[in-house]
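Novice: Sequence and predicted structure, then a few things I'm wondering about:
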Amino acid sequence: MDAFRTLFQRDPTVAAEAPGRVNLIGEHTDYNGGFVLPTVIPQRCRVLLAPRTDKLVRAASGNMDAAFLLYRLGEERPRCSWLDYVQGVTSVLRANAHHLCGFDVRVESNVPLGSGLSSSAALDVALLRALREAFRLSLNDLELALLGQQVENRFVGAQVGVMDPMAASLGEPGMALFIDTRTLGYEHVPLPPGADLVVINSGIAHQHSAGDYNTRRAECERACALLGVRQLRDLTVADLPRLATLPTPLDRRARHVVTENSRVGEAVEAIRTGDLNRLGALFYASHESQRDDYAVSIPEIDLLVELSRQTGRAYGARLTGGGFGGSIVALTHAGTAREVAERIATSYEQQTGQQPTILVPQVGA
Ligand code: ADP
Ligand code: MG
(Lines give C-alpha, C1' and ligand atoms only; values in the text may rest on other atoms or scores of the structure.)
(Ligands and ions follow the chains in the order given, each with its own letter.)
Protein backbone atom coordinates (compact mmCIF):
# COMPACT_ATOMS: atom_id res chain seq x y z
CA MET A 1 0.00 0.00 0.00
CA ASP A 2 2.71 2.49 1.02
CA ALA A 3 4.91 1.60 -1.94
CA PHE A 4 1.96 2.10 -4.31
CA ARG A 5 1.18 5.49 -2.74
CA THR A 6 4.79 6.63 -2.91
CA LEU A 7 5.06 5.64 -6.56
CA PHE A 8 1.77 6.91 -7.90
CA GLN A 9 0.71 9.57 -5.33
CA ARG A 10 -2.69 7.92 -4.91
CA ASP A 11 -4.33 4.94 -3.24
CA PRO A 12 -5.03 1.63 -4.98
CA THR A 13 -8.71 0.74 -5.35
CA VAL A 14 -8.35 -2.97 -6.08
CA ALA A 15 -6.21 -5.73 -4.55
CA ALA A 16 -5.86 -9.21 -6.02
CA GLU A 17 -3.50 -12.15 -5.76
CA ALA A 18 -2.72 -15.58 -7.17
CA PRO A 19 -0.48 -18.42 -6.00
CA GLY A 20 2.44 -20.30 -7.51
CA ARG A 21 2.06 -24.03 -8.11
CA VAL A 22 3.91 -27.32 -8.13
CA ASN A 23 2.89 -30.36 -10.15
CA LEU A 24 2.40 -33.36 -7.85
CA ILE A 25 2.26 -35.93 -10.64
CA GLY A 26 1.50 -36.08 -14.38
CA GLU A 27 4.67 -34.99 -16.15
CA HIS A 28 4.94 -34.51 -19.93
CA THR A 29 1.32 -35.60 -20.16
CA ASP A 30 -0.15 -32.16 -20.91
CA TYR A 31 0.97 -31.89 -24.53
CA ASN A 32 -0.28 -35.44 -25.03
CA GLY A 33 -3.82 -34.48 -24.05
CA GLY A 34 -3.46 -36.23 -20.69
CA PHE A 35 -3.86 -35.60 -16.99
CA VAL A 36 -1.98 -33.42 -14.50
CA LEU A 37 -2.31 -32.91 -10.76
CA PRO A 38 -0.84 -29.62 -9.52
CA THR A 39 -1.35 -28.01 -6.16
CA VAL A 40 -0.84 -24.41 -5.10
CA ILE A 41 2.12 -23.39 -2.93
CA PRO A 42 1.97 -20.81 -0.12
CA GLN A 43 3.90 -18.18 -2.11
CA ARG A 44 1.74 -15.69 -4.04
CA CYS A 45 1.85 -12.76 -6.41
CA ARG A 46 -0.02 -9.73 -5.06
CA VAL A 47 -1.35 -6.89 -7.17
CA LEU A 48 -2.54 -3.41 -6.20
CA LEU A 49 -4.24 -1.39 -8.91
CA ALA A 50 -6.07 1.87 -9.52
CA PRO A 51 -7.86 2.59 -12.83
CA ARG A 52 -7.11 5.75 -14.79
CA THR A 53 -9.37 7.73 -17.10
CA ASP A 54 -6.83 7.80 -19.97
CA LYS A 55 -5.07 5.04 -21.94
CA LEU A 56 -1.85 5.06 -19.95
CA VAL A 57 -0.58 2.01 -18.04
CA ARG A 58 2.06 2.59 -15.38
CA ALA A 59 3.41 -0.64 -13.93
CA ALA A 60 5.86 -1.31 -11.13
CA SER A 61 7.15 -4.50 -9.56
CA GLY A 62 8.60 -4.90 -6.11
CA ASN A 63 10.71 -7.67 -7.64
CA MET A 64 12.32 -5.37 -10.21
CA ASP A 65 14.58 -2.33 -10.08
CA ALA A 66 12.90 0.37 -12.15
CA ALA A 67 10.38 2.60 -10.35
CA PHE A 68 7.75 2.03 -13.01
CA LEU A 69 7.45 1.37 -16.74
CA LEU A 70 4.77 2.77 -18.99
CA TYR A 71 2.93 2.25 -22.25
CA ARG A 72 -0.37 3.15 -23.86
CA LEU A 73 -3.20 0.68 -24.35
CA GLY A 74 -3.28 -0.30 -28.01
CA GLU A 75 0.47 0.24 -28.36
CA GLU A 76 1.62 -3.00 -26.72
CA ARG A 77 4.78 -4.46 -28.25
CA PRO A 78 7.03 -7.15 -26.75
CA ARG A 79 10.23 -5.70 -25.27
CA CYS A 80 11.71 -8.79 -23.61
CA SER A 81 11.07 -7.44 -20.12
CA TRP A 82 8.70 -8.33 -17.33
CA LEU A 83 6.38 -5.62 -18.69
CA ASP A 84 5.54 -8.08 -21.49
CA TYR A 85 3.30 -9.94 -19.04
CA VAL A 86 1.35 -6.73 -18.31
CA GLN A 87 1.25 -5.72 -21.97
CA GLY A 88 0.30 -9.27 -22.86
CA VAL A 89 -2.64 -9.16 -20.46
CA THR A 90 -4.04 -5.89 -21.87
CA SER A 91 -3.42 -6.95 -25.45
CA VAL A 92 -5.09 -10.34 -24.98
CA LEU A 93 -8.05 -8.78 -23.16
CA ARG A 94 -8.60 -6.39 -26.07
CA ALA A 95 -8.27 -9.22 -28.59
CA ASN A 96 -11.05 -10.99 -26.68
CA ALA A 97 -13.33 -7.92 -26.76
CA HIS A 98 -12.91 -6.86 -23.12
CA HIS A 99 -12.91 -3.11 -22.67
CA LEU A 100 -10.34 -1.42 -20.41
CA CYS A 101 -9.07 2.03 -19.48
CA GLY A 102 -5.51 2.67 -18.37
CA PHE A 103 -4.37 1.91 -14.83
CA ASP A 104 -1.57 2.21 -12.31
CA VAL A 105 -0.43 -1.13 -10.97
CA ARG A 106 2.16 -2.48 -8.60
CA VAL A 107 2.91 -6.19 -8.29
CA GLU A 108 5.00 -7.98 -5.73
CA SER A 109 5.58 -11.69 -5.51
CA ASN A 110 7.24 -14.12 -3.15
CA VAL A 111 6.96 -16.90 -5.72
CA PRO A 112 10.61 -17.35 -6.76
CA LEU A 113 10.94 -16.00 -10.31
CA GLY A 114 12.05 -18.46 -12.98
CA SER A 115 12.32 -21.45 -10.61
CA GLY A 116 9.59 -23.59 -12.13
CA LEU A 117 6.93 -22.64 -9.57
CA SER A 118 5.11 -20.61 -12.19
CA SER A 119 5.63 -17.07 -10.97
CA SER A 120 4.59 -15.96 -14.45
CA ALA A 121 1.14 -17.58 -14.27
CA ALA A 122 0.72 -16.17 -10.75
CA LEU A 123 1.43 -12.72 -12.22
CA ASP A 124 -0.88 -13.21 -15.23
CA VAL A 125 -3.74 -14.47 -13.09
CA ALA A 126 -3.35 -11.93 -10.26
CA LEU A 127 -3.33 -9.07 -12.78
CA LEU A 128 -6.29 -10.47 -14.70
CA ARG A 129 -8.19 -10.79 -11.42
CA ALA A 130 -7.43 -7.18 -10.50
CA LEU A 131 -8.55 -5.96 -13.94
CA ARG A 132 -11.68 -8.14 -13.84
CA GLU A 133 -12.69 -6.41 -10.63
CA ALA A 134 -11.59 -2.88 -11.61
CA PHE A 135 -13.36 -2.92 -14.99
CA ARG A 136 -16.15 -5.40 -14.17
CA LEU A 137 -15.05 -7.80 -16.88
CA SER A 138 -17.31 -10.73 -17.47
CA LEU A 139 -14.89 -13.65 -17.04
CA ASN A 140 -15.16 -16.84 -15.06
CA ASP A 141 -12.09 -18.43 -13.47
CA LEU A 142 -11.53 -20.92 -16.29
CA GLU A 143 -11.86 -18.24 -18.98
CA LEU A 144 -9.44 -16.12 -16.99
CA ALA A 145 -6.93 -18.98 -16.89
CA LEU A 146 -7.20 -19.48 -20.65
CA LEU A 147 -6.51 -15.77 -21.20
CA GLY A 148 -3.43 -16.19 -18.99
CA GLN A 149 -2.27 -18.99 -21.27
CA GLN A 150 -2.81 -16.76 -24.33
CA VAL A 151 -0.67 -14.06 -22.69
CA GLU A 152 2.23 -16.49 -22.46
CA ASN A 153 1.68 -18.23 -25.81
CA ARG A 154 0.80 -15.27 -28.01
CA PHE A 155 2.55 -12.29 -26.44
CA VAL A 156 5.46 -13.44 -24.28
CA GLY A 157 6.27 -16.34 -26.61
CA ALA A 158 6.37 -19.06 -23.93
CA GLN A 159 4.72 -22.29 -25.07
CA VAL A 160 3.14 -23.18 -21.71
CA GLY A 161 0.18 -25.50 -21.42
CA VAL A 162 -3.04 -24.94 -19.49
CA MET A 163 -1.76 -26.36 -16.21
CA ASP A 164 0.05 -23.27 -14.91
CA PRO A 165 -2.71 -20.70 -15.41
CA MET A 166 -5.43 -23.17 -14.39
CA ALA A 167 -3.56 -23.99 -11.16
CA ALA A 168 -3.08 -20.28 -10.40
CA SER A 169 -6.70 -19.43 -11.17
CA LEU A 170 -8.58 -22.49 -9.90
CA GLY A 171 -6.20 -24.01 -7.35
CA GLU A 172 -6.99 -23.81 -3.64
CA PRO A 173 -4.77 -24.34 -0.60
CA GLY A 174 -4.90 -27.88 0.74
CA MET A 175 -6.32 -29.18 -2.54
CA ALA A 176 -4.84 -30.94 -5.50
CA LEU A 177 -6.33 -29.85 -8.82
CA PHE A 178 -6.98 -32.76 -11.15
CA ILE A 179 -7.01 -31.45 -14.72
CA ASP A 180 -7.92 -33.24 -17.92
CA THR A 181 -5.87 -31.14 -20.34
CA ARG A 182 -7.88 -32.28 -23.35
CA THR A 183 -11.37 -31.46 -22.12
CA LEU A 184 -10.26 -28.81 -19.58
CA GLY A 185 -12.45 -30.61 -17.07
CA TYR A 186 -11.10 -30.24 -13.55
CA GLU A 187 -11.81 -31.35 -10.02
CA HIS A 188 -10.56 -30.31 -6.61
CA VAL A 189 -9.26 -33.22 -4.54
CA PRO A 190 -8.66 -32.43 -0.84
CA LEU A 191 -5.15 -33.46 0.17
CA PRO A 192 -5.16 -35.79 3.14
CA PRO A 193 -3.77 -34.46 6.41
CA GLY A 194 -0.60 -36.22 7.48
CA ALA A 195 1.74 -35.18 4.69
CA ASP A 196 3.87 -32.10 4.11
CA LEU A 197 4.96 -30.74 0.77
CA VAL A 198 8.66 -30.21 0.03
CA VAL A 199 10.13 -28.71 -3.14
CA ILE A 200 13.90 -28.51 -3.58
CA ASN A 201 15.65 -26.97 -6.57
CA SER A 202 18.80 -28.76 -7.70
CA GLY A 203 20.57 -25.54 -8.70
CA ILE A 204 21.00 -26.96 -12.19
CA ALA A 205 19.34 -25.52 -15.26
CA HIS A 206 20.09 -27.44 -18.45
CA GLN A 207 21.18 -25.12 -21.25
CA HIS A 208 19.47 -27.05 -24.00
CA SER A 209 16.34 -28.00 -22.09
CA ALA A 210 14.08 -26.20 -24.57
CA GLY A 211 15.57 -28.21 -27.44
CA ASP A 212 15.31 -31.48 -25.52
CA TYR A 213 11.70 -30.67 -24.63
CA ASN A 214 10.90 -30.13 -28.30
CA THR A 215 12.60 -33.43 -29.13
CA ARG A 216 10.33 -35.23 -26.65
CA ARG A 217 7.25 -33.58 -28.12
CA ALA A 218 8.33 -34.64 -31.61
CA GLU A 219 8.95 -38.21 -30.40
CA CYS A 220 5.42 -38.37 -29.00
CA GLU A 221 4.02 -37.13 -32.31
CA ARG A 222 5.97 -39.78 -34.23
CA ALA A 223 4.75 -42.46 -31.85
CA CYS A 224 1.15 -41.33 -32.44
CA ALA A 225 1.62 -41.37 -36.22
CA LEU A 226 3.01 -44.92 -36.11
CA LEU A 227 0.24 -46.10 -33.80
CA GLY A 228 -2.51 -44.32 -35.72
CA VAL A 229 -3.85 -42.37 -32.75
CA ARG A 230 -4.42 -38.63 -32.43
CA GLN A 231 -2.74 -38.27 -29.05
CA LEU A 232 -1.05 -40.67 -26.59
CA ARG A 233 -3.95 -39.82 -24.31
CA ASP A 234 -6.03 -42.14 -26.47
CA LEU A 235 -4.07 -45.16 -25.20
CA THR A 236 -4.19 -46.95 -21.84
CA VAL A 237 -2.02 -49.48 -20.06
CA ALA A 238 -3.99 -52.18 -21.93
CA ASP A 239 -2.16 -50.93 -25.05
CA LEU A 240 1.34 -51.43 -23.59
CA PRO A 241 2.02 -54.53 -25.73
CA ARG A 242 1.32 -52.42 -28.85
CA LEU A 243 3.68 -49.70 -27.62
CA ALA A 244 6.44 -52.29 -27.30
CA THR A 245 6.38 -52.74 -31.09
CA LEU A 246 7.48 -49.13 -31.68
CA PRO A 247 11.11 -48.50 -32.64
CA THR A 248 13.26 -47.47 -29.72
CA PRO A 249 13.24 -44.93 -28.06
CA LEU A 250 9.65 -44.19 -29.12
CA ASP A 251 8.49 -47.31 -27.28
CA ARG A 252 9.85 -46.01 -23.98
CA ARG A 253 8.69 -42.44 -24.54
CA ALA A 254 5.14 -43.59 -25.23
CA ARG A 255 5.24 -45.99 -22.29
CA HIS A 256 6.10 -43.12 -19.94
CA VAL A 257 3.17 -41.01 -21.11
CA VAL A 258 0.66 -43.85 -20.97
CA THR A 259 1.76 -45.15 -17.56
CA GLU A 260 2.05 -41.61 -16.19
CA ASN A 261 -1.54 -40.84 -17.18
CA SER A 262 -2.58 -43.98 -15.38
CA ARG A 263 -0.54 -42.97 -12.30
CA VAL A 264 -2.35 -39.62 -12.13
CA GLY A 265 -5.66 -41.45 -11.89
CA GLU A 266 -4.26 -43.79 -9.27
CA ALA A 267 -2.84 -40.82 -7.33
CA VAL A 268 -6.27 -39.19 -7.22
CA GLU A 269 -7.67 -42.45 -5.85
CA ALA A 270 -4.86 -42.70 -3.27
CA ILE A 271 -5.54 -39.12 -2.15
CA ARG A 272 -9.28 -39.79 -1.89
CA THR A 273 -8.69 -42.83 0.29
CA GLY A 274 -5.96 -41.08 2.32
CA ASP A 275 -3.42 -43.74 1.31
CA LEU A 276 -0.21 -41.73 1.58
CA ASN A 277 2.05 -44.75 1.19
CA ARG A 278 0.38 -45.57 -2.12
CA LEU A 279 0.62 -41.94 -3.21
CA GLY A 280 4.32 -41.89 -2.32
CA ALA A 281 4.96 -45.12 -4.23
CA LEU A 282 3.36 -43.50 -7.28
CA PHE A 283 5.73 -40.54 -6.88
CA TYR A 284 8.75 -42.88 -6.95
CA ALA A 285 7.32 -44.83 -9.89
CA SER A 286 6.74 -41.58 -11.76
CA HIS A 287 10.33 -40.59 -11.11
CA GLU A 288 11.69 -43.88 -12.39
CA SER A 289 9.56 -43.60 -15.50
CA GLN A 290 10.84 -40.09 -16.18
CA ARG A 291 14.40 -41.25 -15.59
CA ASP A 292 14.38 -44.54 -17.50
CA ASP A 293 11.66 -44.22 -20.13
CA TYR A 294 11.38 -40.51 -20.81
CA ALA A 295 15.06 -39.73 -20.13
CA VAL A 296 14.42 -36.26 -18.71
CA SER A 297 16.18 -36.64 -15.36
CA ILE A 298 19.83 -35.97 -14.53
CA PRO A 299 22.06 -37.64 -11.89
CA GLU A 300 21.72 -34.71 -9.47
CA ILE A 301 17.92 -34.92 -9.52
CA ASP A 302 18.11 -38.71 -9.10
CA LEU A 303 20.31 -38.09 -6.07
CA LEU A 304 17.78 -35.69 -4.53
CA VAL A 305 15.09 -38.35 -4.92
CA GLU A 306 17.37 -41.01 -3.42
CA LEU A 307 18.27 -38.76 -0.49
CA SER A 308 14.56 -38.21 0.15
CA ARG A 309 14.08 -41.96 0.33
CA GLN A 310 17.05 -42.32 2.69
CA THR A 311 15.57 -39.91 5.25
CA GLY A 312 12.94 -42.55 6.03
CA ARG A 313 10.49 -39.65 6.44
CA ALA A 314 9.36 -39.29 2.84
CA TYR A 315 6.34 -41.06 1.41
CA GLY A 316 7.68 -40.35 -2.06
CA ALA A 317 9.68 -37.98 -4.23
CA ARG A 318 10.02 -37.24 -7.92
CA LEU A 319 11.33 -34.85 -10.53
CA THR A 320 8.74 -32.13 -11.10
CA GLY A 321 8.63 -29.82 -14.13
CA GLY A 322 10.09 -30.24 -17.59
CA GLY A 323 13.31 -31.89 -16.38
CA PHE A 324 16.98 -31.78 -17.44
CA GLY A 325 17.56 -30.02 -14.10
CA GLY A 326 15.03 -28.14 -12.00
CA SER A 327 13.36 -29.41 -8.84
CA ILE A 328 12.02 -32.41 -6.99
CA VAL A 329 8.70 -32.52 -5.15
CA ALA A 330 8.46 -34.78 -2.11
CA LEU A 331 5.73 -35.69 0.35
CA THR A 332 7.04 -36.09 3.88
CA HIS A 333 5.52 -37.12 7.18
CA ALA A 334 3.50 -34.26 8.67
CA GLY A 335 5.52 -31.75 10.66
CA THR A 336 8.86 -32.87 9.20
CA ALA A 337 9.04 -30.82 6.00
CA ARG A 338 11.63 -28.30 7.07
CA GLU A 339 13.87 -30.77 8.88
CA VAL A 340 13.73 -33.32 6.05
CA ALA A 341 14.29 -30.67 3.38
CA GLU A 342 17.32 -29.34 5.21
CA ARG A 343 18.75 -32.80 5.66
CA ILE A 344 18.35 -33.61 1.96
CA ALA A 345 19.80 -30.24 0.92
CA THR A 346 22.86 -30.59 3.15
CA SER A 347 23.73 -34.09 1.91
CA TYR A 348 23.12 -33.04 -1.68
CA GLU A 349 25.44 -30.07 -1.36
CA GLN A 350 28.15 -32.21 0.25
CA GLN A 351 27.94 -34.86 -2.44
CA THR A 352 27.63 -32.67 -5.53
CA GLY A 353 29.06 -29.27 -4.62
CA GLN A 354 25.86 -27.82 -6.14
CA GLN A 355 23.88 -25.21 -4.26
CA PRO A 356 20.30 -26.44 -3.75
CA THR A 357 17.42 -24.14 -2.81
CA ILE A 358 14.56 -25.20 -0.58
CA LEU A 359 11.55 -23.60 -2.28
CA VAL A 360 8.82 -25.19 -0.14
CA PRO A 361 8.47 -24.86 2.82
CA GLN A 362 9.28 -21.23 2.39
CA VAL A 363 12.36 -20.04 4.29
CA GLY A 364 11.40 -17.75 7.14
CA ALA A 365 7.72 -18.72 6.99
P1 ADP B 1 8.34 -19.31 -13.77
O2 ADP B 1 6.97 -19.03 -14.29
O3 ADP B 1 8.61 -20.78 -13.66
O4 ADP B 1 8.67 -18.60 -12.51
P5 ADP B 1 9.05 -17.95 -16.19
O6 ADP B 1 10.33 -17.76 -16.91
O7 ADP B 1 7.91 -18.53 -16.93
O8 ADP B 1 9.38 -18.80 -14.87
O9 ADP B 1 8.55 -16.56 -15.62
C10 ADP B 1 9.42 -15.72 -14.90
C11 ADP B 1 9.26 -14.30 -15.46
O12 ADP B 1 7.94 -13.81 -15.08
C13 ADP B 1 10.21 -13.32 -14.81
O14 ADP B 1 11.46 -13.31 -15.49
C15 ADP B 1 9.46 -12.00 -14.99
O16 ADP B 1 9.59 -11.51 -16.30
C17 ADP B 1 8.01 -12.43 -14.83
N18 ADP B 1 7.54 -12.21 -13.44
C19 ADP B 1 6.99 -13.13 -12.62
N20 ADP B 1 6.65 -12.57 -11.43
C21 ADP B 1 6.99 -11.28 -11.51
C22 ADP B 1 6.92 -10.16 -10.62
N23 ADP B 1 6.42 -10.30 -9.41
N24 ADP B 1 7.38 -8.99 -11.06
C25 ADP B 1 7.88 -8.84 -12.29
N26 ADP B 1 7.99 -9.84 -13.16
C27 ADP B 1 7.56 -11.04 -12.79
MG1 MG C 1 6.21 -19.53 -16.21
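Specialist: Arrived safely, thanks for sending. Numbers count the residues shown, from 1 in each chain. Ligands and ions are numbered 1, 2, ... in the order given.

Novice: how much space between the residue in the stretch 251-365 of the chain positioned nearest to ligand 2 and P247?
Specialist: Relative to ligand 2, the nearest point of the stretch 251-365 of the chain is G321 (10.2 Å; Cβ to the ion). Where you see a C-beta, it was placed from the backbone N, CA and C, and this is true even at glycine. Using Cβ to Cβ, to the nearest Å, G321 is found at 28 Å from P247.

Novice: Distance check, the residue of the stretch 251-365 of the chain closest to ligand 2 against Q310.
Specialist: 23 Å.

Novice: So the two - more neighbours on which side?
Specialist: Per other Cβ atoms under 10 Å, whichever of G321 and Q310 has more neighbours is G321, with 22 against 12.

Novice: What is the neighbour count of the nearest residue to Y71 once chain neighbours are set aside?
Specialist: Leaving aside its sequence neighbours, Y71 sits nearest to V57 (Cβ to Cβ, 6 or more residues apart in numbering; 5.6 Å). Neighbours of V57 under the rule other Cβ under 10 Å: 25.

Novice: you'd agree V57 is in a helix?
Specialist: No. V57 sits outside any helix when classified using DSSP: H, G, I helix; E, B strand; the rest coil, being strand.

Novice: Check whether it really touches F68, as I assumed.
Specialist: No. Assessed by Cβ atoms under 8 Å, V57 is found out of contact with F68, at 9.5 Å.

Novice: for the stretch 151-300 of the chain, what spans make up the strands?
Specialist: For the stretch 151-300 of the chain, applying DSSP state E, counting those that start in this stretch gives strands covering 175-180, 186-190, 195-205.

Novice: residues contacting the closest residue to ligand 2 within the stretch 51-200 of the chain?
Specialist: Nearest to ligand 2, among the residues of the stretch 51-200 of the chain, is S120, at 3.3 Å (Cβ to the ion). Listed by Cβ atoms under 8 Å, 6 or more residues apart in numbering, the contact set of S120 reads Y85, E152, V156, A158, V160, D164.

Novice: The last one touches L117, doesn't it?
Specialist: No. Counting by Cβ under 8 Å, D164 stays clear of L117, with 9.6 Å between them.

Novice: what do the two both touch?
Specialist: R21.

Novice: and the residue lying closest to R10 once chain neighbours are set aside, what are its bridge partners?
Specialist: The shortest distance from R10 to any non-neighbouring residue, by Cβ to Cβ, 6+ apart, is to A50 (5.8 Å). Assessed by DSSP bridges, A50 has beta-bridge partners D104.

Novice: need the contact list for A50.
Specialist: Neighbouring residues of A50 by Cβ under 8 Å, 6+ apart: F4, F8, R10, D11, P12, T13, V14, F103, D104, V105, A134.

Novice: Touching, R77 and Q87? I think so.
Specialist: Yes. At 7.3 Å, R77 and Q87 qualify as touching, with contact defined as Cβ under 8 Å.

Novice: before we move on, the earlier item: put together CSV for the contacts of S120, with pLDDT and distance to ligand 1 on each row.
Specialist: Shown next, in CSV, are the contacts of S120 (pLDDT from 0 to 100; distance: Cβ to the nearest ligand atom, whole Å):
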residue, pLDDT, distance to ligand 1
Y85, 98, 6
E152, 95, 7
V156, 95, 8
A158, 88, 6
V160, 87, 7
D164, 96, 7
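
Novice: Just the ones in helices from these, please.
Specialist: The helices, defined by DSSP state H, take in Y85, D164 from these.

Novice: Scan the contacts of S120 and report the most crowded one.
Specialist: Of all the contacts of S120, the most densely surrounded is D164 (28 neighbours; neighbours counted as other Cβ under 10 Å).

Novice: what sits against it?
Specialist: R21, P38, S118, S120, A121, G148, Q149, E152.

Novice: Go ahead and build a ChimeraX selection from the buried members of the residues you listed.
Specialist: In ChimeraX, this line selects whichever of these come out buried by 16 or more other Cβ atoms under 10 Å:
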select :21,38,118,120,121,148,149,152
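
Novice: In contact with A223, which residues?
Specialist: Going by Cβ under 8 Å, 6+ apart, A223 touches L232, L243, L246, L250, R253, A254.

Novice: Next up, the contacts around the second one.
Specialist: With contacts defined as Cβ under 8 Å, 6+ apart, L243 is in contact with A223, L227, L235, D251, A254, R255, V258.

Novice: Please report which of those residues has the highest neighbour count.
Specialist: A254 (29 neighbours).

Novice: And for the residue nearest to Y213 when sequence neighbours are not counted, the neighbour number?
Specialist: Distance criterion Cβ to Cβ, 6+ apart; nearest residue to Y213, sequence neighbours excluded, is G322 at 5.5 Å. Residues lying near G322 (other Cβ under 10 Å) number 17.

Novice: can you offset everything so residue one is 49?
Specialist: Sounds good: first residue 49 from here, last item G370.

Novice: Name the helix or strand for G370, please.
Specialist: If you go by DSSP states H and E, G370 is not part of any helix or strand.

Novice: pretty sure it is in contact with V344, am I right?
Specialist: Yes. With contacts counted by Cβ under 8 Å, G370 reaches V344, the gap being 7.1 Å.
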